[in-house]
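Novice: Structure of the sequence below:
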Amino acid sequence: MTNLISKSAAYAAVDWGTSSFRLWLIDAEGNVLDERRSGEGMTTAAKAGFSTILESHLMALSAPTNLPVIICGMAGARQGWVEAGYVDVPAALPTVLTSAAVVSDPVRDIRILPGIAQRGSAPDVMRGEETQLLGARDPSVSGEQLFCMPGTHSKWVKLSGETVTGFASFMTGELFDLISKHSILQHAVKDAEKFDGSHPVFLAAIKAAFEQPARATNLVFTVRSGQLLDGLDATGAAARLSGTLIGAEIAGGMADGWQRKTLDAPIKLIASGRLADLYEAAFAALDLPFNTIDADEAVRRGLSQAAKTVFGNN
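Specialist: Residues are numbered from 1 along each chain as shown. Next up, the predicted model:
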């Protein structure tokens, strides 16, 4: 992509996470003209300044000084730029589009989309995923759809038509990082090489954890005991840890009382890159029907819908 075409941009779309920053210049037809990515997430921006980071990326793309900006993610958290609040479950996704917070800026029109909150006996929150849902949902489907959104804190979301009726977060990615770096298992996975979804130890761990999620922490310990007693190598140990956590997540995401064990429609997997590979392999191993939707494309489409609602046709 070249910034020579950025002058035709209608707005900038930003997905601002805890540890990542992604910005796209979008034209009036929704086409991506240019992009910027960095590790300047909310944690960094809270120290360096949200406006400073945003303007540095817009300047690098020669974006017009009055170009409007639509933002989703952790920039709208309480510790973020401007708190954008939450839309409560049951949450109609179009309500998210009309509830954006306004950032005070002398030149630009900057808006931050709210998150979604689930109150009551199973309190939960999401920020950024609601925008992916906006871009991933099929408007022609009026019935229930089940979405799996892998990540540091994976989300399983039930959508009825255009309304989020319930969701659950799973700390799968963060637990893998903590266990592999700060527990006794760090020695077992040290020097592990990258593996993909075809690794037999990963697939076996997926099935074991899905079938017996109550034994999840016991299965995690076999990462160490398997190495001590069965010759499990470091890569296999990492694959077992990953498979155990993902298998337990899938079991939780489809647990009786919250989701259906028998699906009448494919799971919508919103993921990209290595996470897409691992979860696709996991669903296939468990004979669960699924369709994959690219996470980057989903969030861009969601941000584009928001921009059209908030800014009108630029």
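Novice: So which residues of the stretch 51-200 of the chain form strands?
Specialist: Remark: strands assigned in the stretch 51-200 of the chain by DSSP state E, counting those that start in this stretch are 69-73, 86-88, 91-92, 101-103, 110-112, 115-118, 124-126, 144-149, 154-160, 163-170.
Novice: okay if I get those strands as TSV plus mean neighbour count and distance to residue 195?
Specialist: Yep, even glycine has a C-beta here, placed from its N, CA and C like the rest. Converted to TSV, these look like this (neighbours: other Cβ atoms under 10 Å; distance: least, Cβ to Cβ, whole Å):
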stretch	mean neighbour count	distance to residue 195
strand 69-73	27	29
strand 86-88	18	37
strand 91-92	19	37
strand 101-103	17	42
strand 110-112	25	38
strand 115-118	21	33
strand 124-126	18	29
strand 144-149	21	20
strand 154-160	22	19
strand 163-170	19	21
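Novice: okay, the ones you listed in JSON lines with mean pLDDT and distance to residue 27 next?
Specialist: As requested, the strands of the stretch 51-200 of the chain are exported to JSON lines (pLDDT from 0 to 100; distance: least, Cβ to Cβ, whole Å):
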{"stretch": "strand 69-73", "mean pLDDT": "98", "distance to residue 27": "14"}
{"stretch": "strand 86-88", "mean pLDDT": "97", "distance to residue 27": "28"}
{"stretch": "strand 91-92", "mean pLDDT": "96", "distance to residue 27": "28"}
{"stretch": "strand 101-103", "mean pLDDT": "97", "distance to residue 27": "23"}
{"stretch": "strand 110-112", "mean pLDDT": "98", "distance to residue 27": "18"}
{"stretch": "strand 115-118", "mean pLDDT": "98", "distance to residue 27": "28"}
{"stretch": "strand 124-126", "mean pLDDT": "97", "distance to residue 27": "29"}
{"stretch": "strand 144-149", "mean pLDDT": "93", "distance to residue 27": "27"}
{"stretch": "strand 154-160", "mean pLDDT": "95", "distance to residue 27": "29"}
{"stretch": "strand 163-170", "mean pLDDT": "95", "distance to residue 27": "29"}
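Novice: Put together JSON lines for the ones you listed, with distance to residue 247 on each row.
Specialist: What follows is the strands of the stretch 51-200 of the chain, written out as JSON lines (distance: least, Cβ to Cβ, whole Å):
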{"stretch": "strand 69-73", "distance to residue 247": "28"}
{"stretch": "strand 86-88", "distance to residue 247": "30"}
{"stretch": "strand 91-92", "distance to residue 247": "29"}
{"stretch": "strand 101-103", "distance to residue 247": "38"}
{"stretch": "strand 110-112", "distance to residue 247": "36"}
{"stretch": "strand 115-118", "distance to residue 247": "24"}
{"stretch": "strand 124-126", "distance to residue 247": "21"}
{"stretch": "strand 144-149", "distance to residue 247": "13"}
{"stretch": "strand 154-160", "distance to residue 247": "12"}
{"stretch": "strand 163-170", "distance to residue 247": "11"}
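Novice: Just to be sure, residue 218 is in a strand?
Specialist: No - looking at residue 218 with DSSP: H, G, I helix; E, B strand; the rest coil, it is helix, so not inside a strand.
Novice: per-residue confidence at it?
Specialist: Listed pLDDT for residue 218 reads 98.
Novice: Where does the prediction get shaky in the chain?
Specialist: Applying pLDDT under 70 to the chain flags the ranges 1-7, 256-264, 313-314.
Novice: In three-state terms, how would the residue of the chain most remote from its centre be classified?
Specialist: Distance to the chain centre peaks in the chain at residue 229, reaching 37.2 Å (criterion: Cα atoms, centre = their mean). Under three-state DSSP, residue 229 falls in the helix class.
Novice: cool, residue 36 as well?
Specialist: strand.
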